[in-house]
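> Structural data only, the sequence is not supplied:
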């Protein structure tokens, strides 16, 4: 059956190549839409886990823009850290600052303050993290963008003026000493980010007497798991809202990523429809041109089942070959689309819209095979109902 189908396609190389290329284009877009449907979700989960913290604690269950600060963070950290289900806790506070660029123009940057802990929510690339017990000038780490923008090196000084919701001149400037470069998981490609200790952030922002934080990052103890830590935190501090990474991802899946899922579903459906039309038209034209040949084969003893399966085999070969070609095309297209989508503001550089999952290959193959079978249905019906005697008589007369 397969050999006969291959020979039938080889007799019409132009049409066969057109079918393979068409399926390859359709399959590449379909593959990318499957990656997009869960890409952000997979990437977001990996991003949350990358810092080694699997529980987030905030002051209220509201959107990020409206979220109040967590007052009394020191007591909350102490209470959570004492739980047997918790290994480590680090409070984080967010703010802004300004400094002078190389041309003297003011440069705005995002400033992060972290409390003392055994682990921190960043990756040191060069140098070391700020030491609250350094005793000399306050210390600071910067990301690559900020270091390259200002030409900063370890040991160099940087003057920051707080811009944390106050007037720019409300607090005096603070002179920091750069101790290293770091990678911050949620930085977008153009972000200018620096981090210091919680006390120095409050000093820059003019809130030295405060005791608040924006979020607490918690690492559950090995063997306990994040859900055990979440339940223990909720029992110890019911006034706070604790969520595991799984719960955070589930909430974003329902709200934050629904748009991309809808886009993926719509484009996948349209893509499969055009693939279905393409294969159906090609096979129908091929069958119409081969009516006399098919009737002759039936007269020679080929069964109806044999000629029907021949049409189905041609469809499977076209779709299978096009599907194989579509995978490298899909990866190349995904890289191009990734670069375009990353031009959107405030998208973390580590986020991937088209994150690969093995299940995407399985779904891709299944959808293409279903398309192959459906596309062959009408041509198979024509072959099955072909009148042998009448077709041969017409061929002889013409």
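The structure has been received and is ready for your questions. For clarity, every value in this text was computed on a predicted model and none was experimentally measured. Numbering: from 1, shown residues only.
> Do you have the helices of the stretch 1-150 of the chain handy? List them.
Here the stretch 1-150 of the chain has its helices, by DSSP state H, counting those that start in this stretch, at 2-10, 13-50, 73-81, 144-150.
> For the shortest one, buried residues please.
So that's helix 144-150. 144, 145, 146, 147, 149, 150 (16 or more other Cβ atoms under 10 Å). Where C-beta positions appear, they are placed from N, C-alpha and C, glycine not excepted.
> now do the longest one
In terms of neighbour count (16+ other Cβ under 10 Å), helix 13-50 has its buried residues at 15-16, 19-45, 47-48.
> Settle this for me: residue 139 is touching residue 130, isn't it.
Yes: with contact defined as Cβ atoms under 8 Å, residue 139 counts as touching residue 130 (3.8 Å).
> Return every residue with contacts to both of these two.
179, 196, 197, 200 (Cβ atoms under 8 Å, 6 or more residues apart in numbering).
> Can you tell me which of these lies closest to residue 108?
residue 196 (16.3 Å; Cβ to Cβ).
> what about that closest one, distance to residue 217?
16 Å (Cβ to Cβ, to the nearest Å).
> Have a look at those two and say which one is more surrounded.
Using other Cβ atoms under 10 Å, the more surrounded residue of residue 196 and residue 217 is residue 196, with 27 against 24.
> how near is residue 299 to residue 288?
For residue 299, the distance to residue 288 - Cβ to Cβ - is 19 Å.
> Return the set of buried residues in the helix or strand containing residue 180.
Secondary structure from DSSP states H and E places residue 180 in strand 174-183. Neighbour-count burial for strand 174-183 flags 174, 176, 177, 178, 179, 180, 181, 182 (criterion: 16+ other Cβ under 10 Å).
> partners of that strand in the sheet?
strand 123-127 (antiparallel), strand 139-142 (parallel), strand 157-162 (antiparallel) (DSSP bridges).
> Output these as JSON lines; include the columns mean pLDDT, distance to residue 228 and mean neighbour count.
As requested, those are exported to JSON lines (pLDDT from 0 to 100; distance: least, Cβ to Cβ, whole Å; neighbours: other Cβ atoms under 10 Å):
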{"stretch": "strand 123-127", "mean pLDDT": "87", "distance to residue 228": "27", "mean neighbour count": "14"}
{"stretch": "strand 139-142", "mean pLDDT": "91", "distance to residue 228": "33", "mean neighbour count": "26"}
{"stretch": "strand 157-162", "mean pLDDT": "87", "distance to residue 228": "39", "mean neighbour count": "19"}
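> Can you add distance to residue 309 and give those strands back as TSV?
As requested, those are exported to TSV (distance: least, Cβ to Cβ, whole Å):
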stretch	distance to residue 309
strand 123-127	57
strand 139-142	66
strand 157-162	74
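> Of these, which is nearest residue 92?
Using Cβ to Cβ, those put strand 139-142 closest to residue 92, at 14.1 Å.
> and the closest one, how far out from the chain's middle?
On the basis of Cα atoms, centre = their mean, to the nearest Å, strand 139-142 sits 29 Å off its chain's mean C-alpha point.
> What are the contacting residues of stretch 57-76?
Against stretch 57-76 from outside (Cβ under 8 Å, 6+ apart): 80, 91, 93, 115, 211-218, 233, 237, 240-243.
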